[in-house]
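# Compute the structure for the input listed below.
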Amino acid sequence: MLLTQDEITELTGSKRLRTQIFVLSENQIGFIVRYDGKLSTTWDAVNSALINSETEKEQAPKLDFLS
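Prediction:
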């Protein structure tokens, strides 16, 4: 299921295309730029990036004891 333009704005925190591209790329969320210049992505892409982010956090070494 595709995100609406309002949902992409809410997700990225910006209405600007360049900022949206930056935020999605930084968070490893796959997207396309449509012919009309707007972004398109799916909820599967968003959820997959969130799951991968959580998995990486769980696998990261716990270095709290160094503080």
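
# now the strands for the protein?
Using DSSP state E, the strands assigned to the chain run over residues 32-33, 39-40.

# any chance of those in TSV, plus distance to Leu50?
Any C-beta I mention is one placed from the backbone N, CA and C, and that applies to glycine too. Shown next, in TSV, are the strands of the chain (distance: least, Cβ to Cβ, whole Å):
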stretch	distance to Leu50
strand 32-33	19
strand 39-40	18
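
# Mean neighbour count, those: which tops it?
Highest mean neighbour count among these (mean count of other Cβ atoms under 10 Å): strand 39-40, with a mean of 16.

# Just give me how far it sits from the chain centre.
12 Å (Cα atoms, centre = their mean, to the nearest Å).

# hang on, the earlier thing: mind putting the strands of the chain in a markdown table, mean pLDDT and distance to Leu3 included?
Listed next are those as a markdown table, based on pLDDT from 0 to 100; distance: least, Cβ to Cβ, whole Å:
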| stretch | mean pLDDT | distance to Leu3 |
| --- | --- | --- |
| strand 32-33 | 96 | 12 |
| strand 39-40 | 96 | 8 |
